[in-house]
Structures are given as C-alpha cells and as structure tokens.
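Engineer: My questions concern the predicted model and sequence given below.
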Amino acid sequence: DGGITQSPKYLFRKEGQNVTLSCEQNLNHDAMYWYRQDPGQGLRLIYYSQIVNDFQKGDIAEGYSVSREKKESFPLTVTSAQKNPTAFYLCASSFAWTGGTEAFFGQGTRLTVV
Amino acid sequence: AQKVTQAQTEISVVEKEDVTLDCVYETRDTTYYLFWYKQPPSGELVFLIRRNSFDEQNEISGRYSWNFQKSTSSFNFTITASQVVDSAVYFCALEVGVHMEYGNKLVFGAGTILRVKS
C-alpha cells in the first residue's frame, strides 16, 4: 500500500541529545515536508524539500536539520539547540510544482524531552 | 502576511446535530488555494477538500458542505447530521506562493476540536 511511514511513534530524548525522526514515502512524490504541532497552535512548517539534494527552511527551522539524499526519504534531526522540542511531529509529501496539490501525512512522531 | 484563523477552539454537539466550523483567512495573493483536513485520534491528517481562489462555488459531498466567500475571506465547513465518527480535530489551511520556485507551502489555522456525543 502506498503511503508515508514515520518512525518511531514515540521518542524520548534527554536534554542535550540529538535525535532523528524518520520519514519514508512510496507515493513517488517529489515534495516532502516536516511540520510541528503544538496544542492550540496548529501545524507550523519546519523544513520542506521539492527535489532530491535540496531543501528550504520553513517558519521555525532553528534547532532542526534535514537531509534529502533519496526521493523516498526525508529525515529530521532535532538538535540540542532546539530549546523546546517536546511536540508532535508530522511528515507530509505531495506532488511538487503545481498549486492546490493535496498533501499526504504520516501518523506522526511524539517527541518528549525527559 | 498570510494567516488562517479558526476562532472556535472546541465544539461539542450531540449526534445528528448540524455543526459549522469557521475559517477566516488573510492573504494579499490573488491566486491561492484553501484546504480542509481532518485529524482523527490516530494522528495523521486526512485531506477533505481544496478550493482555488477563482472558484467560489459551494460544494457538497455527502454530509459535508463547504461555503467559500471571498467577500468575507471565509471558507466554512458544515457537517450535517453529525456522527460520533466525525469527532476529530479539523484544520483549515491556506496555500501560498503558488507558482513560485519554492512554493506550495501551507499555512494552517490552530484547528477546531469537534466532539460528537451519542
């Protein structure tokens, strides 16, 4: 079945650690996105990528890094520089370059700092 | 600046009631798209509808209907005869930067939690 797979579903991080969230899609989509969801704030864009080996900062990129070495994969690293990383992280993908394209979302990773 | 406002944080209704979720948007672009997504307890967002800025026709899909009014910058969503399975968080989103080199970014509202009680 085609879709987006995020792992792990739950992740616990100690203060000062970097952690990497996985996102894989088999929909043959060019574009991939990472969003952060906090209670009462909706989704905010962290990073996005329209093609392999290229990505752009979103609205809240500080303390995060990404890579796009393969079309299917767009991992997100939450670094120790991110001061408040506890949140729900959603990965999405879509066909690029055309307006109005629906995005498909994964089931999310809930990150908690302990 | 682009912005989406969903003023209703949470709505509770009894099954079979009709419910309308409000969405107001701001943008200076003349070309844009509006979306509604549903987020069930499982976490993933599910696409419901898209509407482009040049198409103000209302749309009905089963128990769902959408009212787009450019004059008031609103894109409201109505569920008729609500069911328990409709309980979820609903997000309205605005796509900006269409046709730009790095476009297709979505700006989301804060979401409305809908609770349908049996």
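Structural biologist: Happy to help now that I have it. Every value quoted in this text rests on a predicted model; they were computed, and no experiment measured them. Residues are numbered from 1 along each chain as shown, chains lettered A, B, ... in the order given.
Engineer: neighbours around the nearest residue in space to residue B:61 that is not next to it in sequence, how many?
Structural biologist: Beyond its immediate neighbours in the sequence, the residue positioned closest to residue B:61 (C-beta to C-beta, 6 or more residues apart in numbering or on different chains) is residue B:49, lying 7.2 Å away. Backbone N, C-alpha and C define where each C-beta goes, glycine included. By other C-beta atoms under 10 Å in any protein chain shown, 17 other residues sit near residue B:49.
Engineer: Then residue A:39?
Structural biologist: For residue A:39, the number of neighbouring residues by other C-beta under 10 Å comes to 10.
Engineer: now swap in residue A:34 and tell me
Structural biologist: 27.
Engineer: what's near enough to touch the closest residue to residue A:6 other than its chain neighbours?
Structural biologist: The spatially closest residue to residue A:6, leaving aside those adjacent along the chain, is residue A:106, at 3.7 Å (C-beta to C-beta, 6+ apart). When the contact criterion is C-beta atoms under 8 Å, 6 or more residues apart in numbering or on different chains, the partners of residue A:106 are A:3-6, A:23, A:90-92, B:44.
Engineer: Next, format those as TSV and append pLDDT and neighbour count.
Structural biologist: Shown next, in TSV, are the contacts of residue A:106 (pLDDT from 0 to 100; neighbours: other C-beta atoms under 10 Å in any protein chain shown):
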residue	pLDDT	neighbour count
A:3	93	14
A:4	96	23
A:5	96	13
A:6	97	22
A:23	98	24
A:90	97	26
A:91	97	28
A:92	94	25
B:44	93	19
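Engineer: Of the residues you listed, which is the nearest to residue B:107?
Structural biologist: Each of the contacts of residue A:106 was checked against residue B:107 using C-beta to C-beta; the closest is residue A:92, at 13.8 Å.
Engineer: could you check the distance from that closest one over to chain B?
Structural biologist: When distances are taken as C-beta to the nearest C-beta, to the nearest Å, residue A:92 and chain B turn out to be 8 Å apart.
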